[in-house]
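**Q** Next comes the sequence, and after it the predicted model I'd like to discuss.
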Amino acid sequence: MNHSANGDGNATPYSLPSLFRGLYSRVARKLRIDPSYVSRVARGERESETIAKALEVEIRRVSMLASRNGHSGASRDGHSSAGKKAKRAKVKLSR
């Protein structure tokens, strides 16, 4: 598994799902609250400006890490390259 150490000594995973996994727990740990409350705020069941801002900051951080590691999922024109890759693979197989 690809990891690199970040400033606080924790490993930063490079896979996109791993970047988002634990989002609520990280926010809860920073705010010293229960992760289930962060989840409720994220779903709109509860309201907290502090938690909402912390979630936004963490999502931006994860998005920045993802884009830095090539996980944008879209080409410059905004379309996913998955279809192009599948088409190329199909063409190679038919030759």
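**A** Structure received. Because the structure is predicted, anything quoted here is derived from the model rather than measured. Numbers count the residues shown, from 1 in each chain.
**Q** Please pull up the helix or strand immediately following the helix or strand hosting residue 41.
**A** Using DSSP states H and E, residue 41 falls within helix 35-43. Sequence-wise, the next helix or strand downstream of helix 35-43 (DSSP H and E) is helix 49-68.
**Q** Can you spell out which helices and strands pack onto that next one?
**A** In terms of contact count using 3 or more CB pairs under 8 Å, 6 or more residues apart in numbering; DSSP states H and E, helix 49-68 is assigned the packing partners helix 16-20, helix 23-31, helix 35-43. For glycine as for every other residue, the C-beta is placed from the backbone atoms N, C-alpha and C.
**Q** For it, list every residue counted as buried.
**A** Under the neighbour-count criterion of 16 or more other CB atoms under 10 Å, helix 49-68 has 51, 54-55, 58, 62, 65-66 buried.
**Q** With that, I have no additional questions.
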